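Asker: Give me a 3D structure for the following:
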Amino acid sequence: MFAAVDLGSNSFHMVVARAEHDQLRIIDRIKEMVRLGGGLDADGRLDRATREAALACLARFGQRLAGIPACNLRAVGTQTFRRLHNPAGFLVVAETALGCAIDIVSGREEARLVYTGVSQGMPAAAGRRLVIDIGGGSTELVAGESTAPALTESLPFGCVVTTRGAFPDGRITAERWRRAKRSVLSALRPFAPAFRVHGWEQAVGSSGTMRAVESMVHHLKPDQAGGFTRADVVDLRSRLFAAGHVDAIDLDGLSERRRPVIAGGLVIIDALMKALAIERLQASDFALREGLLFDLMGRLSAQDPRAQTVTAMVRRYDCDLEQAERVADWVSRAFAQVRERWDLGQAHANLLLWAARLHEVGLAIAHDRHPAHGAYIIGQADLPGFGRQEQALMAVLIGQQRDAPDTSAILELPPRLHPAARRLLALLRLGVLMCRARSDADLCDFQIRAGRRRGLRLVLPAGWLDSHPLTAQDLAEEKRHLQALDLSLKMDQQPQSAGQ
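Answerer: Residues are numbered from 1 along each chain as shown. Purely as a prediction, here's the structure:
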């Protein structure tokens with residue numbers, strides 16, 4: 001059993017599926033119009049009513065998710081979560097209500113997931129495909145071929161945000177429409193040329209706005225083939241002008257739940273079709289939530305997109321491959337010895353290994369303060385497959401790999417990550433220290449043992465520290481540094497065997 005939860009700015013979606021014969025069969029769907037984006041003020045604060053509605057919805061979702069293994073669940077927050085003034089504070093109660101972790105994803109990662117979902121839910125395209133997803137708080141654009149996205153962008157315009165900004169009192173006029181359309185066109189201007197040059201043979205729209213427009217057009221023109229054209233959008237625009245007010249819109253095919261935000265969604269479609277010269281859009285039933293499911297399946301197999309991203313980063317920043325693998329091997333062996341005692345899982349192992357492989361990425365900027373440079377790169381880059389919290393955790397590990405650790409960086413992570421962050425950081429720091437000579441010949445067999453809370457004991461071959469005085473000095477200093485992580489480090493030697 002697998003489940004994906006899409007916490008959008010307009011709707012919260014959950015889809016539950018069963019894996020059968022290497023395919024996913026959807027067995028349950030739940031959707032609730034929470035309109036999270038509508039309850040967010042200019043300072044990123046949620047009003048009480050919206051907050052309570054969101055938490056109540058998450059509690060209902062949580063009941064359905066109970067019993068599904070945590071490794072088979074993924075929940076993501078999109079544009080409104082990205083705009084929250086204090087996301088960590090809200091996440092604590094939201095994750096408690098839902099019963100699982102919530103990843104906040106970047107706009108480009110959201111776009112990639114949407115493309116994955118749409119591509120898996122439609123027949124293979126004959127050529128290139130453009131996918132547009134209009135959410136409540138943002139609009140994602142992706143161009144690619146087959147299942148591989150090539151261009152991804154995110155606009156800070158969604159049906160909720162645009163309706164509220166363009167038609168605050170509900171009145172719809174031609175002048176208000178033109179102003180809102182110009183704003184969207186202005187945001188599109190920097191990257192629309194790249195999309196037009198890339199080109200596509202098929203343009204697809206996902207999300208409720210696209211399906212609502214297709215439904216309205218179908219009721220107006222029942223004999224027309226699926227999808228809708230620019231002329232259809234102009235026709236619907238005229239009908240909204242004639243209605244004059246959001247509450248007065250009365251079109252067959254438009255649900256009561258969608259009516260309050262359809263004007264903003266149609267403005268965005270109007271601008272997109274003009275800027276990108278789109279003649280026809282086809283609506284897809286698949287979107288972000290299905291993309292999450294297929295991405296989750298990949299995470300649990302050899303096709304984890306995060307592993308591909310790390311490999312690409314290592315190459316892009318010309319990292320020392322031998323040293324990266326040397327440190328990764330050391331921390332992998334250490335992790336295997338402490339994981340059970342420290343209650344660490346495979347997700348922790350993956351993030352630790354990826355941080356080890358990327359620990360010298362900051363050298364591409366400068367040797368001086370390279371851990372800080374690396375932390376900035378990993379924390380701020382678009383890393384396909386990674387959620388923001390995953391990136392933040394890896395940035396902490398990379399940024400605090402040497403010298404006295406700054407525990408305030410750990411405290412900026414969600415509270416649920418604090419214990420694991422301290423323990424993973426200790427392992428990475430020891431791995432970097434033990435591999436300082438950058439030579440396999442200088443490494444040795446070791447044992448590392450962990451207590452439930454603070455104790456960490458490193459056992460090395462008899463006499464090894466005497467013959468490696470620099471490492472002995474580094475370990476003595478590391479004992480003091482690890483105290484800041486609430487860990488104590490002890491060194492011991494393996495007894496010499498008989499005859500030695």
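
Asker: Name the helix or strand for residue 291, please.
Answerer: Element membership of residue 291 [criterion: DSSP states H and E] is helix 288-299.

Asker: Kindly format the C-alpha coordinates of that helix as PDB.
Answerer: The C-alpha coordinates for helix 288-299 follow below in PDB (Å, rounded to 0.1, in the frame of the first residue of the first chain):
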ATOM      1  CA  LEU A 288       1.000  16.200  -8.500                       C
ATOM      2  CA  ARG A 289      -0.500  13.500  -6.300                       C
ATOM      3  CA  GLU A 290       0.000  10.800  -8.900                       C
ATOM      4  CA  GLY A 291       3.500  12.100  -9.600                       C
ATOM      5  CA  LEU A 292       4.200  11.700  -5.800                       C
ATOM      6  CA  LEU A 293       3.100   8.100  -6.000                       C
ATOM      7  CA  PHE A 294       5.300   7.200  -8.900                       C
ATOM      8  CA  ASP A 295       8.200   9.200  -7.400                       C
ATOM      9  CA  LEU A 296       7.700   7.300  -4.200                       C
ATOM     10  CA  MET A 297       7.900   4.000  -6.000                       C
ATOM     11  CA  GLY A 298      11.200   5.200  -7.600                       C
ATOM     12  CA  ARG A 299      12.600   6.100  -4.200                       C
END
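
Asker: how about low-confidence regions in the stretch 1-150 of the chain?
Answerer: Within the stretch 1-150 of the chain, the stretches with pLDDT under 70 are 22, 123-126.

Asker: Check the burial of residue 31 by counting its neighbours.
Answerer: 16 (other Cβ atoms under 10 Å). (Each C-beta comes from the backbone N, C-alpha and C, glycine too.)

Asker: Now do the phi/psi pair for the residue nearest to it when sequence neighbours are not counted.
Answerer: Ranked by Cβ to Cβ, 6 or more residues apart in numbering and with sequence neighbours excluded, the top spatial neighbour of residue 31 is residue 13, at 5.1 Å. Phi and psi for residue 13, reported as degrees, to the nearest 10, are phi -120, psi 150.

Asker: Same check on residue 386?
Answerer: Here is the backbone geometry of residue 386 (degrees, to the nearest 10): phi -100, psi 140.

Asker: which helices and strands sit right next to the helix holding residue 291?
Answerer: Under the contact criterion of 3 or more Cβ pairs under 8 Å, 6 or more residues apart in numbering; DSSP states H and E, helix 288-299 touches strand 2-7, strand 11-20, strand 23-33, strand 73-77, helix 107-121, helix 305-316.

Asker: What are the contacting residues of the fourth one?
Answerer: Translated: strand 73-77. Strand 73-77 has contacts (Cβ atoms under 8 Å, 6 or more residues apart in numbering) with 2-7, 65, 87, 98, 100-105, 110, 113, 288, 292, 295-296, 387.

Asker: Could you pull up the residues touching residue 37?
Answerer: With Cβ under 8 Å, 6+ apart, residue 37 has these contacts: 9-10, 79-80, 136-137, 158, 160-161.

Asker: Just the helices from the stretch 101-250 of the chain, written as ranges.
Answerer: For the stretch 101-250 of the chain, helices defined by DSSP state H, counting those that start in this stretch occupy the ranges 107-121, 159-166, 174-188, 192-198, 208-220, 230-243.
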